[in-house]
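Q: Show me the folded form of this:
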Amino acid sequence: MDHTPNPSPPDRGGGPGRDETPQQQADRLWTDVLQEVRVAQTGAQILFGFLVSVAFTPVFANLGAFDKNLYVITVTLGACATASLIAPVSFHRFLAGHNLKPALVRTASRMVGLGLALLALTISCAMLLLLRTATGSPTVAWAVSAAVSGWFATSWLLLPYLVLRSAEHPGAAR
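A: A predicted model of the protein is given here:
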């Protein structure tokens with residue numbers, strides 16, 4: 001989800017139905033980004049904390065090489081997702097007071113998008129690891145994990161794309 005401010009006249013703008021300056025638009029979009037980060041960041045941090053603790057359980061010692069490598073990949077993805085979702089806070093702190101809010105919003109939006117993609121991969125890999133261990137069936141684990149990945153792609157990418165496409169071409173999707 002890109003929250004790049006719409007190009008608008010330098011005096012007033014912000015899109016249809018809005019009467020705001022580019023700076024007001026950037027402030028509003030920054031607030032939107034922060035709300036998104038609050039939701040995603042909390043989930044990513046909880047998942048990452050859980051993943052870190054797995055290595056200290058008795059079952060972990062009995063995992064095969066594939067599962068231990070999958071665990072390392074999953075934890076690495078979780079750490080990168082967490083970093084990407086926290087990055088907008090760091091950017092804001094570093095850029096505050098430098099009149100760069102539109103650039104901050106663009107960059108933060110990209111970092112949140114990357115963080116969400118990494119979070120989806122982390123959850124899919126965690127599902128695979130969990131189901132391989134819980135079911136003892138690699139086939140079931142791969143099938144369910146693939147279905148979960150498909151649901152992420154559908155709900156996080158395809159459905160928003162279809163809504164956007166429908167809004168851009170009213171009547172075409174009906």
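
Q: Can you spell out which helices and strands pack onto the helix of greatest length in the chain?
A: If you go by DSSP state H, the chain has its longest helix at helix 101-135. Packing contacts for helix 101-135, counted by 3 or more Cβ pairs under 8 Å, 6 or more residues apart in numbering; DSSP states H and E, involve helix 22-54, helix 65-95, helix 138-153. No exception for glycine: its C-beta is placed from N, CA and C like everyone else's.

Q: Just put the ones you listed in CSV and tack on mean pLDDT, distance to residue 132 and mean neighbour count.
A: Listed next are the helices and strands packed on helix 101-135 as CSV, based on pLDDT from 0 to 100; distance: least, Cβ to Cβ, whole Å; neighbours: other Cβ atoms under 10 Å:
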stretch, mean pLDDT, distance to residue 132, mean neighbour count
helix 22-54, 88, 13, 16
helix 65-95, 93, 6, 17
helix 138-153, 96, 4, 14
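
Q: out of those, nearest to residue 121?
A: helix 65-95 (5.1 Å; Cβ to Cβ).

Q: for the closest one, the distance to its chain's centre please.
A: On the basis of Cα atoms, centre = their mean, to the nearest Å, helix 65-95 sits 11 Å off its chain's mean C-alpha point.

Q: contacting residues around the most centrally placed residue in the chain?
A: Against the mean C-alpha coordinate of the chain, by Cα atoms, centre = their mean, the closest residue is residue 116 at 1.2 Å. By Cβ atoms under 8 Å, 6 or more residues apart in numbering, the residues touching residue 116 are 40, 81, 85, 156.
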